[in-house]
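**Q** Provided below for reference: sequence and predicted model.
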Amino acid sequence: MSSSTIPTLAAALLLSACGGDATGDLRAWMEQVDAGAKPAPFPAPAPGAFIASAYTGQGAPDPFSPNKLLAEPAGPGPRGGGPKPDPGRRREALENYPLDAISMVGTIEQRGVVHALLRIDRAVHLVVAGQHVGQNHGLITAITDDAVSIREMVQDAAGAWAARVSKLELRAGREDGK
């Protein structure tokens, strides 16, 4: 035998000695525990007494009907006395963009009038209170150092107009154009 085969033979002999089933005791114990464990069923609660009631929604409109949206609104709607936008007003350039695409990046004062700097894509626009912005008939009502307040006119499914207040807040520290 050569000197290189003796260590190889010794390693093979040691590994074969470790090949016994060392988990046999553990498997036997698990089988014994499984055989002795029986689930205990719990009693189901007794059913309550059934109380019959008459269906009272027979004459009510179907809440899932698509015709419900076409029905005449109950309150003041498009023909009512509620607020509504002026259909004859000429639309301004910034009304072509949704409010979430517009960000406030600063303010500037010129001749005593505070202007807001609004960024759309990579262009910056100067706006003042009274101008319209956004796709929901938004009117700029106030400009502060950190926000532009906007009153929008939105229409619900029944056709009624309602005023909604939105804000564009100053985006400080963002110079990436987004």
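**A** It's in.

**Q** Secondary structure class of the residue most central in space within the chain, three-state.
**A** Nearest to the mean C-alpha position of the chain, by Cα atoms, centre = their mean, lies residue 100 at 14.3 Å. Following DSSP: H, G, I helix; E, B strand; the rest coil, the label given to residue 100 is helix.

**Q** Verify the contact between residue 161 and residue 152 for me.
**A** No - if you go by Cβ atoms under 8 Å, residue 161 and residue 152 don't touch, sitting 10.3 Å apart. All C-beta atoms are positioned from the backbone trio N, CA, C, and that covers glycine.

**Q** what's around the closest residue to residue 85 other than its chain neighbours, how many residues?
**A** Computed as Cβ to Cβ, 6 or more residues apart in numbering, the closest residue to residue 85 that is not its neighbour in sequence is residue 137, at 4.1 Å. Using other Cβ atoms under 10 Å, residue 137 is surrounded by 21 other residues.

**Q** how close does residue 137 get to residue 58?
**A** Distance, residue 137 to residue 58, by Cβ to Cβ, to the nearest Å: 42 Å.

**Q** try residue 96
**A** The value you get for residue 96 to residue 58, if Cβ to Cβ is used, is 49 Å.

**Q** confidence score at residue 25?
**A** Looking at residue 25, its pLDDT stands at 85.

**Q** Quick check: it is in a helix.
**A** Yes - per three-state DSSP, residue 25 lies within a helix segment.

**Q** For burial, what's the neighbour tally of it?
**A** Neighbour tally, residue 25, other Cβ under 10 Å: 9.

**Q** Ok, residue 43 next?
**A** The burial count assigned to residue 43 is 5, neighbours taken as other Cβ under 10 Å.

**Q** what ranges of this structure fall below the confidence cut-off?
**A** For the chain, residues meeting the criterion pLDDT under 70 lie at 1-4, 13-22, 67-82, 172-178.

**Q** That one: helices as residue ranges?
**A** Assigned by DSSP state H, the helices in the chain fall at 5-17, 24-36.

**Q** okay if I get the ones you listed as JSON lines plus distance to residue 143?
**A** Below are those laid out as JSON lines (distance: least, Cβ to Cβ, whole Å):
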{"stretch": "helix 5-17", "distance to residue 143": "82"}
{"stretch": "helix 24-36", "distance to residue 143": "74"}
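
**Q** Thought residue 134 was touching residue 92, still the case?
**A** No - applying Cβ under 8 Å, one finds residue 92 not in contact with residue 134, separated by 10.1 Å.

**Q** quick one, which of those two is more surrounded?
**A** residue 134 (21 against 12).

**Q** List the contacts of that one.
**A** 94-95, 97-99, 102, 150, 152, 166 (Cβ atoms under 8 Å, 6 or more residues apart in numbering).

**Q** just the buried members of those residues?
**A** Buried members of the contacts of residue 134, scored by 16 or more other Cβ atoms under 10 Å, are 94-95, 97, 99, 102, 150, 152.
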